[in-house]
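Novice: Just to be clear, the model below is a prediction. Sequence and coordinates:
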Amino acid sequence: MHDRLMTLAAEFTAQGERPGDPCPEPVNPVMIHHWASALGDANPRWEEVVPPAMIQVWSQHGLEDRIPTPASRMMAALQEAGYTGVVATNCEQTYDRYVRVGEHLRPSVRLGEVTGPKRTALGEGYFVTWHQRWYSGDERVAEMLFRVLKFKPGGGKASGGRYPLRPAVGPDSAFFWDGVQAGELRIQRCAECGELRHPPGPMCPRCHATKRDHVTAAGRGVVHSYVVHHHPPVPGLTPPYVVALVELEEGVRMVGGLLGCEPGDAYVGMPVELEFQRMDDELTLPQWRPAGTAPPVPEEAAAEDEPDLRVELTPTFIISTALATRDFMPVHHDPALARAQGSQDIFLNILTTIGLVQQCALLRVPDAHLEGIALRLGVPAYAGETLSLYARRTDPRTLEVRGAVSLGDHVTATVRLKEPV
């Protein structure tokens with residue numbers, strides 16, 4: 001089956017850019033009003049210009065049949081092969097110019113990379129990337145990279161609101177995880193010869209005694225080695241990120257995520273210190289951070305840690321925004337089907353997320369003219385959650401936006417700006 005899927009992927013990719021269905025409606029103020037109302041975006045600019053983050057909405061056909069494209073044929077082949085679940089992971093939009101009311105856009109699509117099968121928290125799946133462009137007449141007005149995971153539901157564990165990667169806790173390691181819950185980093189010690197060891201085990205490797213106790217580590221060490229993780233996606237973590245093997249002052253080594261460190265800044269010998277990271281209501285993990293650095297707080301909001309935009313994700317909000325973006329996938333409005341796919345509940349769709357990223361950016365820089373938005377999704381934003389979005393200006397033409405829910409970061413995005421309008 002894999003060989004057949006890869007053969008189809010090569011065939012569809014070789015077809016290059018193909019025209020898609022003409023957009024079903026011309027750019028019109030009624031759809032803009034419905035979109036802005038559903039998202040709670042009261043920006044008065046949308047009475048004069050078209051929200052650029054709506055670009056994909058114009059080519060959404062809802063429940064109507066469409067002309068097959070290389071990308072849709074690949075998705076259909078994966079569906080037929082049993083990969084019936086789908087979740088978006090990345091979206092990068094570039095705006096050549098803002099479209100105008102009355103323009104009737106036409107899209108084109110080409111299939112990009114297809115990789116897999118990959119084991120993910122949702123199950124085995126393939127990552128499918130395609131590229132889309134929108135034209136007004138012969139003029140290109142926008143383009144987009146879009147990536148999804150097509151997976152077999154049930155192959156992973158449904159999160160149910162819980163971080164899906166759980167440690168195995170047994171008689172030899174229970175003391176360690178009890179310590180984590182108490183805010184301590186405990187290291188197993190032989191009660192006979194005093195040898196420290198990690199990971200913990202039933203017998204001392206030095207004297208073979210089975211009596212053991214523990215000591216509490218100071219929580220300081222250096223990076224002995226590290227890797228940069230890219231794929232597969234892990235809920236709550238946004239790749240690429242660093243996983244380090246840390247040598248503690250006490251002499252043992254321990255694996256953990258290296259927080260607050262860009263992959264290019266990590267190095268062997270880097271001094272690090274312990275940080276406990278809460279993953280859900282039950283699980284906390286010991287992680288590491290470059291020594292002397294504090295956990296990141298959004299710039300200009302550090303005093304009260306107040307988000308630029310806070311959104312209550314009621315079922316009504318999730319369903320109405322999905323409809324306003326012409327996204328009729330059941331995982332955004334049918335709880336039973338969402339849970340059958342391995343989700344806790346219905347969840348926010350990516351077209352809404354990119355609209356909220358745009359809204360957050362323009363709350364921070366109201367007169368900005370957007371050149372593009374690139375976002376990566378992390379954990380799902382489920383019904384019943386509160387989504388808090390923070391914007392940080394990194395240079396005159398760039399904003400970094402982060403949106404978090406209780407499970408972790410739902411979205412991290414880079415917003416590129418042109419000169420103010």
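Specialist: Structure's in. What do you need? Numbers count the residues shown, from 1 in each chain.

Novice: Could you give the number of residues near Glu306?
Specialist: Using other Cβ atoms under 10 Å, Glu306 has 12 neighbouring residues. For the C-beta atoms, the positions are set from N, CA and C on the backbone; glycine is no exception.

Novice: Could you list the low-confidence segments of this protein?
Specialist: 65, 121, 154-164, 233-238, 280-281, 294-305, 419-421 (pLDDT under 70).

Novice: Helices along that one, start to end?
Specialist: 2-14, 29-39, 70-80, 174-181, 315-324, 335-340, 350-364 (DSSP state H).

Novice: Please identify the most buried of those.
Specialist: Stretch with highest mean neighbour count among these: helix 350-364 (a mean of 24; mean count of other Cβ atoms under 10 Å).

Novice: ok, residues contacting stretch 130-137?
Specialist: By Cβ atoms under 8 Å, 6 or more residues apart in numbering, the list of residues contacting stretch 130-137 from outside reads 17, 20, 23, 55-56, 58-59, 69-71, 99, 103-112, 140-146.

Novice: Among these, name the buried ones.
Specialist: Neighbour counting by 16 or more other Cβ atoms under 10 Å classes 20, 23, 55-56, 58-59, 69-71, 99, 103, 105-112, 141-144, 146 among the contacts of stretch 130-137 as buried.

Novice: can you tell me which of these are in strands?
Specialist: Arg106, Pro107, Ser108, Val109, Arg110, Leu111, Gly112, Val141, Ala142, Glu143, Met144, Phe146 (DSSP state E).

Novice: Which two among the residues you listed are spaced furthest apart?
Specialist: Greatest spatial distance among those (Cβ to Cβ): Leu111 and Val141, at 21.6 Å.

Novice: Could you pull up the contacting residues of the closest residue to Pro315 other than its chain neighbours?
Specialist: The shortest distance from Pro315 to any non-neighbouring residue, by Cβ to Cβ, 6 or more residues apart in numbering, is to Ala383 (4.6 Å). Residues near Ala383 by Cβ under 8 Å, 6+ apart: Leu313, Thr314, Pro315, Ile318, Pro335, Asp345, Ile346, Phe347.

Novice: one more time with 6 Å, if that's ok
Specialist: By Cβ atoms under 6 Å, 6 or more residues apart in numbering, the contact set of Ala383 is Leu313, Pro315, Ile318, Asp345, Ile346.

Novice: and which of those is nearest to Cys261?
Specialist: Taking Cβ to Cβ as the measure, Cys261 lies nearest Leu313 of the contacts of Ala383, at 30.5 Å.

Novice: any idea how far that closest one is from Arg278?
Specialist: 20 Å (Cβ to Cβ, to the nearest Å).

Novice: for Arg253, same thing?
Specialist: From Arg253 across to Arg278, the span is 24 Å (Cβ to Cβ).

Novice: Isn't Cys193 up against Met203?
Specialist: No. Distance between Cys193 and Met203: 11.8 Å, which falls outside the contact criterion (Cβ atoms under 6 Å).

Novice: quick one, which of Leu313 and Arg278 is more surrounded?
Specialist: Leu313 (22 against 12).

Novice: which residue sits closest to the more buried one in space, ignoring its chain neighbours?
Specialist: Glu385 (4.7 Å).

Novice: on that earlier part again, closest to Val268 out of the contacts of Ala383?
Specialist: Of the contacts of Ala383, the one sitting nearest to Val268 (Cβ to Cβ) turns out to be Leu313, at 42.0 Å.
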